[in-house]
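Participant: Just need the structure, nothing else, for what follows:
(3 chains)
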Amino acid sequence: MTEWLENQLPKMVLAPSFIAVLVFVYGFIGWTAWVSLTRSKLLPKYELKGFVQYDKLFASPRWDTAFGNLFTFGILFIVIAMVLGLVLAIMLDQKIRVEGAIRTIYLYPMALSMIVTGTAWKWILNPGLGIEATVRGWGFENFSFDWVVNPDFAIYTIVIAAVWQSSGFVMALFLAGLRSVDEEIIKAAQVDGIPTWRIYSSIIIPSMAPIFLSAFIVLAHLAIKSFDLVIALTGGGPGYSTDLPATYMYAMAFSRGDIGQAASSAMVMMAVVFTIVVPYLYSELRAKNHG
Amino acid sequence: MAQVELNNVNKSFAHVDVIRNVNLEINKGEFVVFVGPSGCGKSTLLRLIAGLETLTSGEIVIADRPVMDLPPSERGIAMVFQSYALYPHMSVFHNMAFSLSLNKVPKAEIKERVENAARILQMEHLLDRRPAALSGGQRQRVAIGRAIVRNPDVFLFDEPLSNLDAALRHDTRVEIAKLHKQLGATTIYVTHDQVEAMTLADKIVVLKDGEVMQVGAPMELFNQPDNEFVASFLGSPKMNFFEGTLADVSGETASFAGEGLNVQGVRLVSKNKTAGASVKLGIRPQHLTLDPSGSLKGEITLVERLGTETVVELSTSSGTSFRFASPESPDLEVGQTVAFSFEAERAHLF
Amino acid sequence: MADLTYSQSPSKGSFGKLILRWILYILLALFALYYLMPLFVMVTTSLKSLEEIRTGSLIALPREITFDAWKTAWSGACTGIQCEGLQPYFWNSVLLAVPAVALSTLIGALNGYVIAQWQFRGANLIFSLMLFGCFIPFQVVLLPMARLLGMMGLAGSIPGLVFVHVIYGIGFTTLFFRNYYVSIPAELVKAAKVDGANFFRIFWSIFLPLSLPIIVVTVIWQFTQIWNDFLFGVSFSQAGTQPITVALNNIVNSTTGVKEYNVDMAAAIIAALPTLFVYVFAGKYFIRGLTAGSVKG
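Facilitator: Predicted coordinates:
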């Protein structure tokens, strides 16, 4: 009996977490999916009405902006952060004297809350007192840098702040990757007289493909979830010009009292994450099981 | 009086039978070695005895108690693992004391038993160290010490020497043999190394695909193997085999014809075979004698001089390769054709 | 990695190399300025008076250092109608983070221990399901969670927020501990079983004492995540129970009265201090958590 109990213990220990994940992740996704197919407004209704919420969502100009912004922001953010991270990592890989200190400086924004980041950049980008005013103060009277209040450019200020926050982290990932390349391969290449830049471009960087993938997944994930940064930096404005799906969903759920719209926009976000993350997780877990 | 008894022991993992109907008796004080190629089930059998795996069917009795329903700690066993499995955050003393303190043995007695074991293993000076600060051989000794402290009915060793380098392996092997003489404890020892099996065991159990192939004293297995597998598994270089037909079966012995050989009075191992059946003649490389008038002829393909021994690889005219081993250093060269004779009583028919 | 700047004889190549080296250092320094500039501006602005902010330059050092803005941010700034500063919300975040970090770490350690060392059929599937849970956009659970907290009577309360953070933190903490524990040889568990230790005893006497590095990594990761969280905070709290990030956002975006940039900056620094502190003093573990959390496996 005690033997039986002892054998069941591992399962019993894991069971509460398993149930919690089933209910609070998968059950809740199911609930949201269901409600996204109803005419729920302030309160959820459970009578299925087909895809009315999705029709309404894709007909909404505000969602149109938010969804478009996701791609403008996401692509710029991912590309710039990756390129910057890689460049910084390669520069830091050249036996730099004060590498530890520089790494610390590049990476500290990752420890900050997006709200703090947003607050800081909001102040810096503020045309009246920030960079614009400072440069004008230096004598360049016509200098203009008012992106944060310009509906056509405000989304790029989100990119600037997000890159500032996350590129150091990408650098740390790539640096770890550069250092994990087999030394003997590099020595062999040096013996063969291959120039340094070729060693990087033909040997080291291709062998870091898994790290590129990881960095991409993390950044894509950050981009889709971006919410706090927009709230703190622009509040979605001017107008709706910097809305992202995450802020749209929040506005529908908590200020507009339109649960149906909130649920359907959340499901679209879920679908975007799904298409990126599932193939990745699948290949990772497969590789692990076969390795 | 059997100290350990296995009756019809079976174990299967997901419909694969890893242990098939094993029956075995181990006497008190005996040193038994389970040997076989990797995947033969020897480690599984040891873990079944330890209680780290559960039986599919059968019975295990240790010191007259059926132990199938007992957890490992209550079976009266102690185990030394391949990786030593020392607790990295505990000192040597605490590694050895852990099981005793779990059993609520009084502190003074723990101290006495640990120090006693340390004295036996000559490692009193190591008691305060962490495993990370020990060499491979020292870790091995701590693992053995942890087993001794428990004062078990049976010691279980799971390939304990496979993580040591060649020189240390030899020294430790000798030490284990001495220790067994000193303590006289019943021991079950798993290895894939036939040298360890031959040198350490009172009794060897040869396993293949989860089945016992033969049980017996080392020289008994070497001289009278029950089957072709045991014959080829023990001994280095491996036994030579020649194919041919069986004739003149008379009780224990029979005649063999094949590969230009015609031998009478050979020990017939496969008792169920009758005259005319195809058989294999087995003869160890060491039991061949260079003899110009011998009937076994072969062309030399390789000569390896090991210093203590010379191993010659040859090929018969029909292409069967075989080996000859000699403690001397005969004047032989590749390409030469030589002839051998051998005593019929040293050969076996499978 | 190997030394790519292998030194050759000091011939004609060395001068070009020296210039390259200088360019490299200058570039690195410029990037360092880019990363440091916002922090520098935040600190200097928080130490200036409003008057000086209006007339002076963004990047100038304060002519006269004043801590008034810090005082206001801590105990007088308005978060909507209340004007108690960040102080109460700072303690809300502490009350929220401490139990949530402790619980999710403990649960993650036990889960990781089971998944790594006590494999049973289905354990890998459960692990995969938990892992995927780390990746969902939390928007997809906001609505049902709000309703559930309401039904449990935890809506707008700190225990409710603790609950939410524990639930959605388990995936990562389990991942951390599982990946750490798989590197511990399985024979250790077997040896302990032979020695007479049971499931919890092995965890307590063997695995926990070996876990210090991963506990530090997990605690730092969870603390940073929970302290910096805004989405759950803003969705599931109400006036009085808000965590510091929500309060900071309210201060910065409150529309009443004159815009006090120095107070905003001081408040932002106060909100950032705990995680910055952790980063500065345990940066090694912080980075390990970041990379472990992103490079799965």
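
Participant: need the residues of the stretch 251-350 of chain B near chain C, please.
Facilitator: Within the stretch 251-350 of chain B, no position is near chain C by Cβ under 8 Å from any Cβ of the partner chain. Bear in mind the C-beta positions are built from the backbone N, C-alpha and C, glycine included.

Participant: what does the stretch 101-250 of chain B give?
Facilitator: Counting by Cβ under 8 Å from any Cβ, the residues of the stretch 101-250 of chain B that sit close to chain C are B:102-103, B:146, B:150.

Participant: Pull the most distant pair out of those residues.
Facilitator: Between any two of those, the greatest separation by Cβ to Cβ is 13.6 Å, found for B:103 and B:146.

Participant: More neighbours: the two, which one.
Facilitator: The neighbour comparison of residue B:103 against residue B:146 (other Cβ atoms under 10 Å in any protein chain shown) goes to residue B:146, with 28 against 13.

Participant: pretty sure the more buried one belongs to a helix, no?
Facilitator: Yes. The assignment for residue B:146 is a helix, going by DSSP: H, G, I helix; E, B strand; the rest coil.

Participant: residue contacts, it?
Facilitator: Counting by Cβ atoms under 8 Å, 6 or more residues apart in numbering or on different chains, residue B:146 touches B:78, B:80, B:86, B:95-96, B:98-99, C:191, C:195.

Participant: Pick out the residue in chain B sitting closest to chain C.
Facilitator: residue B:73 (3.2 Å; Cβ to the nearest Cβ).

Participant: That residue: neighbouring residues, count only.
Facilitator: When counting by other Cβ under 10 Å, one arrives at 20 neighbours for residue B:73.

Participant: Could you find the closest non-adjacent residue to it?
Facilitator: residue C:196 (3.2 Å; Cβ to Cβ, 6 or more residues apart in numbering or on different chains).

Participant: Present the contacts of residue B:146 as CSV; the columns should include secondary structure.
Facilitator: Below are the contacts of residue B:146 laid out as CSV (three-state DSSP):
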residue, secondary structure
B:78, strand
B:80, strand
B:86, coil
B:95, helix
B:96, helix
B:98, helix
B:99, helix
C:191, helix
C:195, helix
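
Participant: distance of residue B:321 from residue B:259?
Facilitator: 12 Å (Cβ to Cβ, to the nearest Å).

Participant: higher neighbour count, those two?
Facilitator: Ranked by neighbour count (other Cβ under 10 Å), residue B:321 and residue B:259 place residue B:259 first, with 20 against 12.

Participant: who's in contact with that one?
Facilitator: Residues near residue B:259 by Cβ under 8 Å, 6+ apart: B:242-244, B:281, B:296, B:316, B:318, B:320.

Participant: switch the cut-off to 10 Å
Facilitator: Residue B:259 makes contact with B:241-244, B:281, B:295-298, B:316-318, B:320, B:322 under the criterion Cβ atoms under 10 Å, 6 or more residues apart in numbering or on different chains.

Participant: how close does it get to residue B:291?
Facilitator: 16 Å.

Participant: same check, this time on residue B:16
Facilitator: Distance from residue B:16 to residue B:291, counting by Cβ to Cβ: 49 Å.

Participant: Comparing those two, which shows the higher neighbour count?
Facilitator: Neighbours were tallied for residue B:16 and for residue B:291 using other Cβ under 10 Å; the higher tally belongs to residue B:291 (13 against 8).

Participant: I'd say that one and residue B:341 touch.
Facilitator: Yes. With contacts counted by Cβ atoms under 10 Å, residue B:291 reaches residue B:341, the gap being 4.0 Å.

Participant: Quick check: buried residues in stretch A:58-73?
Facilitator: Of all the residues in stretch A:58-73, those buried under the rule 16 or more other Cβ atoms under 10 Å in any protein chain shown are A:60, A:62-63, A:65-67, A:69-70, A:73.

Participant: Looking at the residues you listed, which one is closest to chain B?
Facilitator: Distance ranking of the buried residues of stretch A:58-73 against chain B, using Cβ to the nearest Cβ, places residue A:70 first at 46.7 Å.

Participant: Quick one: distance of the strand or helix carrying that closest one to the chain centre.
Facilitator: For residue A:70, the host element (DSSP states H and E) is helix A:61-92. Relative to its chain's centre, helix A:61-92 lies at 9 Å (Cα atoms, centre = their mean, to the nearest Å).

Participant: now do stretch B:78-88
Facilitator: 20 Å.

Participant: which regions of the stretch 1-150 of chain A lie under the pLDDT threshold?
Facilitator: Residues of the stretch 1-150 of chain A that meet the criterion pLDDT under 70 lie in A:1-3.

Participant: Grab the most central residue of the chain for me.
Facilitator: You didn't pick a chain, so chain A it is. With distances taken as Cα atoms, centre = their mean, the residue of chain A nearest its centroid is residue A:222 (1.4 Å).

Participant: that answer is for a different chain, and I need it for chain C
Facilitator: By Cα atoms, centre = their mean, chain C has its centre lying nearest to residue C:224, at 1.5 Å.

Participant: I'd like the distance between residue B:76 and residue B:61.
Facilitator: From residue B:76 over to residue B:61 the distance is 11 Å, taken as Cβ to Cβ.

Participant: One more: residue B:298?
Facilitator: Distance of residue B:298 to residue B:61, given as Cβ to Cβ: 51 Å.

Participant: and what of residue B:325?
Facilitator: Distance from residue B:325 to residue B:61, by Cβ to Cβ: 43 Å.

Participant: Same check on residue A:210?
Facilitator: Computed as Cβ to Cβ, the residue A:210 to residue B:61 distance reads 53 Å.

Participant: before we move on, the earlier item: mind listing what the residue nearest to the centre of chain C touches?
Facilitator: Contacts of residue C:224 by Cβ under 10 Å, 6+ apart are A:110-113, C:97, C:101, C:274-275, C:278-279, C:286, C:289-290.

Participant: In chain C, which residue sits nearest chain B?
Facilitator: In chain C, the residue that lies nearest chain B is residue C:196 (3.2 Å; Cβ to the nearest Cβ).

Participant: Help me confirm that that residue comes into contact with residue B:70.
Facilitator: No. Applying Cβ under 10 Å as the test, residue C:196 and residue B:70 come out as separate, 11.2 Å apart.

Participant: can you give me the strands for the stretch 201-350 of chain B?
Facilitator: Here the stretch 201-350 of chain B has its strands, by DSSP state E, counting those that start in this stretch, at B:203-208, B:211-216, B:240-250, B:253-258, B:261-268, B:278-283, B:289-290, B:296-305, B:310-315, B:321-326, B:337-341, B:348-349.
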